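Asks: Pasting a predicted model and its sequence here:
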Amino acid sequence: MKILVANIAAAEDGKEGGRFVREYLGPLTRRNMEAVGCGFKIVQSISQNGHVHPAFADCKYLPKLDPEGIYPALLRAQEESYDGAIIGCFGDPALGRAREALQLPVVGFGEAAMLAAMMMGRKFGIVAPADVLVESTIEQVASYGWDSRLVGVVATTELPPEQELALVDASNAIRHFQAAARELVRRGADVVIPGCGLLSIALRLAPGVEHLWPDGVREIDGVPVVDVLGASVGMLHTLIRETEHRKGKKSIVSIVHDSDSLWLF
């Protein structure tokens, strides 16, 4: 099976941002997802053109986002007979449009993480990557009809430029996440979600501090932390199998190692 991960991040290949994607974001994304064991061949799309987002304007490598590029990437994946796709952004841009217009099974980081959280506990809280994203995240939860299960959204106090470097050394990201997560636990959360794919990777893999966190950050004071990328892959696998079952196909799952699984366009 071959799936696309359509990242919202934008970075020009051959420049600092592109090198950061190829050396850190791309490989760690694939490693995080492959840990689920679904056997997907994972191809990642990164737009080379985007707009500076105010929440990440000070970032050195990934200040630009390209939400408009998500749907064309999903459409291209359908045209090229991919088995499914994941929207690599917690805000799930283009998810509704894709499900209305495409036959390709598609999941988004945000929806998948929240569904996982609601199966793991009664109430969940979300740690957002910036203050400016708190209200939009609350609105996103409400749009899915799950606001009664949300105890709140708290922004990490880690600065955006430091959040990029969490893919090299996650120690600072973990410390800031712990503080925000404990506030959510005090409010009644029995599950905590990292509201950002990059933050989730840093927690799940603990790059640079694997000796301290050999299994990643899976709980805070006994409260589970959702693996956003893992939840997305697992749910996509289920959707693909159900789609193939309806079409009368048999699922063939194999592990494919592909050194050129990062697609910049």
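Replies: That came through, no problem. Numbering: from 1, shown residues only.
Asks: For K41, give its distance to A189.
Replies: From K41 across to A189, the span is 36 Å (Cβ to Cβ, to the nearest Å). All C-beta spots, glycine's among them, are computed from the backbone N, C-alpha and C.
Asks: Those two - which one has more neighbours?
Replies: Legend: neighbour count by other Cβ atoms under 10 Å for K41 and A189, higher for A189 (26 against 17).
Asks: Let me see the ranges of the strands in this structure.
Replies: Applying DSSP state E to the chain gives strands spanning 2-10, 41-47, 51-52, 64-65, 84-88, 106-108, 124-128, 150-155, 191-194, 219-220, 223-224, 262-264.
Asks: can I get these in TSV with distance to A202 and mean pLDDT?
Replies: Below are these laid out as TSV (distance: least, Cβ to Cβ, whole Å; pLDDT from 0 to 100):
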stretch	distance to A202	mean pLDDT
strand 2-10	15	96
strand 41-47	17	94
strand 51-52	22	96
strand 64-65	18	96
strand 84-88	15	98
strand 106-108	20	98
strand 124-128	12	98
strand 150-155	16	98
strand 191-194	8	98
strand 219-220	14	97
strand 223-224	17	98
strand 262-264	19	61
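Asks: out of those strands, deepest packed?
Replies: Stretch with highest mean neighbour count among the strands of the chain: strand 191-194 (a mean of 30; mean count of other Cβ atoms under 10 Å).
Asks: ok now that strand, how far from the chain's centre?
Replies: 13 Å (Cα atoms, centre = their mean, to the nearest Å).
Asks: now swap in stretch 96-112 and tell me
Replies: On Cα atoms, centre = their mean, the centre of stretch 96-112 falls 14 Å from the chain's centre.
Asks: what about the helices in the stretch 1-150 of the chain?
Replies: 16-20, 26-34, 70-79, 95-101, 109-120, 134-143 (DSSP state H, counting those that start in this stretch).
Asks: Could you say which of those is packed most deeply?
Replies: Per residue and on average, the most neighbours among these fall to helix 109-120, with a mean of 22 (mean count of other Cβ under 10 Å).
Asks: what's the spacing between the closest residue to S45 other than its chain neighbours and A112?
Replies: What sits nearest to S45 in space, not counting adjacent residues and going by Cβ to Cβ, 6 or more residues apart in numbering, is A73, at 4.4 Å. Separation of A73 from A112 (Cβ to Cβ): 18 Å.
Asks: Please apply the same query to E158.
Replies: Applying Cβ to Cβ to E158 and A112 gives a distance of 24 Å.
Asks: now D221
Replies: Distance, D221 to A112, by Cβ to Cβ: 24 Å.
Asks: for L199, same thing?
Replies: As judged by Cβ to Cβ, L199 and A112 stand 15 Å apart.
Asks: Spatially nearest residue to A35 (excluding sequence neighbours)?
Replies: Using Cβ to Cβ, 6+ apart and skipping residues adjacent in sequence, the residue nearest A35 is G230, 6.6 Å away.
Asks: For that neighbour, which residues are in contact?
Replies: 32-33, 35-36, 204 (Cβ atoms under 8 Å, 6 or more residues apart in numbering).
Asks: ok, now E162?
Replies: 172-173.
Asks: ok, now how distant is N32 from L167?
Replies: N32 is 11 Å from L167, by Cβ to Cβ.
Asks: got it, and S47?
Replies: For S47, the distance to L167 - Cβ to Cβ - is 19 Å.
Asks: Same question for L229.
Replies: L229 is 13 Å from L167, by Cβ to Cβ.
Asks: intersection of neighbour lists for the two?
Replies: Joint contacts of L229 and L167 (Cβ under 8 Å, 6+ apart) are I201.
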